[in-house]
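Undergrad: Sequence plus predicted model, see below.
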Amino acid sequence: MTTPQINTKPKINTKEDTKFRVLRLLEENPDLTQREIANRLGISLGGVNYCLRALIDKGLVKIQNFQGSDNKLGYAYFLTPKGIYEKSVLAAGFLKRKMDEYEALKKEIEALEKEVKKSKE
């Protein structure tokens, strides 16, 4: 007896997902350091730096340096109006990918439950 094959391989778009996650995190916490962003998102510090530079170059994020701050890393990252719009566009794609992954996993779980039930008979 062959097991039906279910395509559960998620459609991965890591670059877009990373941009979305960084924008989302910065909107909620503009004063995070790059190291804190990397830790929260589980990506490398270099990856965060690269992503932030790209977001800044595209005009999606602006950086503000608090020179009078006691903290030598006194920077804040703010989403520009363009960045807020881009985040909403990325959110729609992110949500669609996650819903597709959810549906695929649901199908796989159903198939496994049937398989386990048959093996107990």
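TA: Now that the structure is in, tell me what you want to look at.
Undergrad: CA atoms for contacts and neighbours, from now on please.
TA: Noted.
Undergrad: tally of neighbours for Glu108?
TA: 17 (other CA atoms under 10 Å).
Undergrad: for Glu28, that is, sorry about that
TA: Per other CA under 10 Å, the neighbour tally for Glu28 reads 10.
Undergrad: same question, Leu105
TA: The burial count for Leu105: 17, using other CA under 10 Å.
Undergrad: host element of it?
TA: Assigned by DSSP states H and E, Leu105 belongs to helix 81-120.
Undergrad: in that helix, what counts as buried?
TA: By neighbour count on 16 or more other CA atoms under 10 Å, the buried set for helix 81-120 is 83-84, 86-87, 90-91, 93-94, 97, 100-101, 104-105, 108, 111.
Undergrad: Nearest to Lys58 among those?
TA: Taking CA to CA as the measure, Lys58 lies nearest Gly83 of those, at 8.8 Å.
Undergrad: check contacts around the nearest residue to the closest one once chain neighbours are set aside.
TA: Closest residue to Gly83 apart from its sequence neighbours, by CA to CA, 6 or more residues apart in numbering: Leu60 at 3.7 Å. Neighbour list for Leu60: Leu79, Thr80, Pro81, Lys82, Gly83, Ile84, Glu86 [criterion: CA atoms under 8 Å, 6 or more residues apart in numbering].
Undergrad: Just read off the phi/psi values of the first one.
TA: Backbone geometry at Leu79, expressed as degrees, to the nearest 10, gives phi -80, psi 130.
Undergrad: confidence score at it?
TA: The model reports Leu79 with a pLDDT of 96.
Undergrad: quick one: the closest residue to it other than its chain neighbours from Phe94, how far?
TA: Closest residue to Leu79 apart from its sequence neighbours, by CA to CA, 6+ apart: Val61 at 4.5 Å. In this view, Val61 and Phe94 are 19 Å apart by CA to CA, to the nearest Å.
Undergrad: Please apply the same query to Leu25.
TA: 14 Å.
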